[in-house]
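*Asks:* The following block contains a protein sequence and its predicted model.
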Amino acid sequence: MAKRVLTTESGAPVADNQNSATAGAGGPILLQDQHLLEKLARFNRERIPERVVHARGSGAYGYFEVTDDVTGFTRADFLSQVGKRTETFIRFSTVADSLGGADAVRDPRGFALKFYTDEGNYDLVGNNTPVFFIKDPIKFPDFIHSQKRDPFTGKQEPDNVWDFWAHAPEATHQITWLMGDRGIPASYRHMNGYGSHTYQWTNAAGEAFFVKYHFKTNQGVRSLSADQASELVGKDANSHQTDLLQAIERGVNPSWTLHVQVMPAADAADYRFNPFDLTKVWPHSDYPLQRVGRLVLDRNPDNVFAEVEQAAFSPNNFVPGIGPSPDKMLQGRLFAYADAHRYRLGVNHTHLPVNAPRTAVVDNYGRDGVHATRNGSRHDKNYEPNSYAGPAQTDAALAAPLAIHGWTGTHEAPAHTKDDDFFQAGELFRLMSKDEKGRLVANIAGGLSQVTRDDVIEKNLAHFHAADADYGKRVEEAVRALRED
Ligand code: HEM
């Protein structure tokens, strides 16, 4: 094999990579040492802004294979045939901590999946929880500020975490989920993934359905207790990354089975609660799980920075037959992600290999910008319409239209008969075993008892009381006991 030569960025050979050029043996360094200057300057520019949330994560490639016919519900091409395979890239993540944070912590996990379909990339940017803390995107920056590091102390503060929740009764369901056994997954392989939001599917006849996605882990759900997690963090702060990387390197390819719940669009208006409320699940007794296919992860990225750090997932990347629902949270996210990508990675982030479509051809009139690598051929016009057979619109609607009524304004969601913020939190509590309830109560009390203001504690206790009398009583007793210690 030919010997590899070390070069500068412009490709010239480097004579010495161990000694800087100096004026005489003991003299100062010369400005003409191009290799040294380039090396130091380049090193200073290695970091890019980290994701404002979900900064810490792990990625893997794989494929999605359709196992069941869903063409009655969607005309999405990648779901059009049993046996059809589509290449995928997934990024799992924790949410609250910055890059370098530990993996085995109590926090939701991101489950962001990119399908490289023949009709363009489809991104499903979900979590390992079927619900979320809030239901209006206008609250998101405040929510995240309260959960991340305090600007003065530089640490996550129970006072801020619980003060936000004291003002967000709708978070009670997700808090019950997070503080329960599933709040610390044993690894990324041992947790489910959810689209969480309601999405819209449209079939070839133009009929609309609302759907929720559930990826059930085939490795089995496994979680860690708070004590197990602290011990693991001490031994391997990167435990999720280690587990995923090693499993795939060993050829133990993790997989998930995708199911959907499907609601005919006409059911939505009269359903007993708002089906677009992200703080609620749809009972399986109303809308049973229907199997769609399986996701298999079989290849680790070659370079974490290039492929995982620079991966960009946007809930706004849909394909024909799949579109947004009126879920307000989802609507906010349709803006937020691509905007974050333009800031974090630049306007041409879609040219990066991990983000570029694989088989679909990108052909449009977007041009230029920093690091443009895709500018069309010399014969392509950069305006439309044109007389030169440039790319043109299809005139085929991507999704069925939604009927909208009412006046513009800052409204609360339309009223349904059972829209309260607590009943599903209570149902989740009552589903738990005696031991699970004990651990849930201990976890909540461990956090809430550290809060310094009584009024914040009282407001939070009121939420647990409203969810279930026994739940409220037990949390209250546990908090009081810890505060009297
Ligand atoms: C990451 C905003 C709610 C899942 C992000 C990022 C932003 C953001 C700006 C960083 C994107 C990047 O730099 O690449 C928001 C806003 C929300 C919201 C404004 C509410 C209005 C949610 C919800 C879920 C979710 C409800 C899950 C159901 C994720 C995931 C990532 C992420 C998985 C990491 C994506 C990756 O791995 O690159 N979010 N988010 N977010 N968010 Fe959200």
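*Replies:* Received, thanks.
*Asks:* ok, now which ones touch the residue nearest to the spatial centre of the chain?
*Replies:* Central residue of the chain (CA atoms, centre = their mean): residue 110, 3.9 Å from the mean position. Shown in contact with residue 110 (CB atoms under 8 Å, 6 or more residues apart in numbering): 54, 57, 91, 92, 93, 94, 95, 125, 126, 127, 128. Every residue, glycine included, has its C-beta placed from N, CA and C.
*Asks:* repeat for residue 48
*Replies:* Applying CB under 8 Å, 6+ apart, the residues near residue 48 are 309, 310, 344, 345.
*Asks:* From what I see, the last one and residue 352 are in contact.
*Replies:* Yes - taking contacts as CB atoms under 8 Å, residue 345 lies within contact range of residue 352: 7.2 Å.
*Asks:* Give me the more crowded residue out of these two.
*Replies:* residue 345 (21 against 18; other CB atoms under 10 Å).
*Asks:* Which of the contacts of residue 110 fall in helices?
*Replies:* Using DSSP state H, no member of the contacts of residue 110 falls within helices.
*Asks:* hmm, back to that, helix/strand/coil for the residue nearest to the centre of the chain?
*Replies:* strand (DSSP: H, G, I helix; E, B strand; the rest coil).
*Asks:* Are there residues contacting both of residue 345 and residue 352? Which ones?
*Replies:* In contact with both residue 345 and residue 352: 310, 312, using CB under 8 Å, 6+ apart.
*Asks:* related to what we said a few turns ago, restrict the contacts of residue 110 to those near the ligand?
*Replies:* Counting by CB under 6 Å from any ligand atom, 54, 57, 91, 93, 125, 126, 127 from those sit close to the ligand.
*Asks:* Just grab the bridge partners of the residue nearest to the first one when sequence neighbours are not counted for me.
*Replies:* To tie it back to what came earlier, the one meant is residue 54. Nearest residue to residue 54, sequence neighbours excluded (CB to CB, 6 or more residues apart in numbering): residue 93, at 4.0 Å. Under DSSP bridges, the beta-bridge partners of residue 93 are residue 57, residue 110.
*Asks:* Residue 93 and residue 56 touch, don't they?
*Replies:* Yes - the criterion here is CB under 8 Å, and residue 93 meets it with residue 56 at 6.1 Å.
*Asks:* didn't residue 256 look like it was pressed against residue 194?
*Replies:* No - checked against CB under 8 Å, the pair residue 256 and residue 194 is beyond contact range at 10.8 Å.
*Asks:* what sits in contact with each of the two?
*Replies:* Joint contacts of residue 256 and residue 194 (CB under 8 Å, 6+ apart) are residue 215.
*Asks:* if you count what's nearby, which of these two comes out ahead?
*Replies:* Between residue 256 and residue 194, residue 256 has the larger neighbour count (other CB under 10 Å), namely 25 against 21.
*Asks:* what's the closest of the contacts of residue 48 to the ligand?
*Replies:* residue 344 (4.8 Å; CB to the nearest ligand atom).
*Asks:* Let's verify the nearest residue to that closest one once chain neighbours are set aside: helix, strand, or coil?
*Replies:* Computed as CB to CB, 6+ apart, the closest residue to residue 344 that is not its neighbour in sequence is residue 49, at 5.0 Å. Secondary structure, three-state DSSP: residue 49 is coil.
*Asks:* Show me which residues of the stretch 101-250 of the chain sit near the ligand.
*Replies:* Counting by CB under 6 Å from any ligand atom, the stretch 101-250 of the chain sits next to the ligand at 110, 112, 125, 126, 127, 132, 137, 140, 196.
*Asks:* Throw these into a markdown table and include distance to residue 84 and pLDDT, thanks.
*Replies:* Shown next, in a markdown table, are those (distance: CB to CB, whole Å; pLDDT from 0 to 100):
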| residue | distance to residue 84 | pLDDT |
| --- | --- | --- |
| 110 | 26 | 98 |
| 112 | 22 | 98 |
| 125 | 22 | 98 |
| 126 | 22 | 98 |
| 127 | 26 | 98 |
| 132 | 31 | 98 |
| 137 | 34 | 98 |
| 140 | 36 | 98 |
| 196 | 25 | 97 |
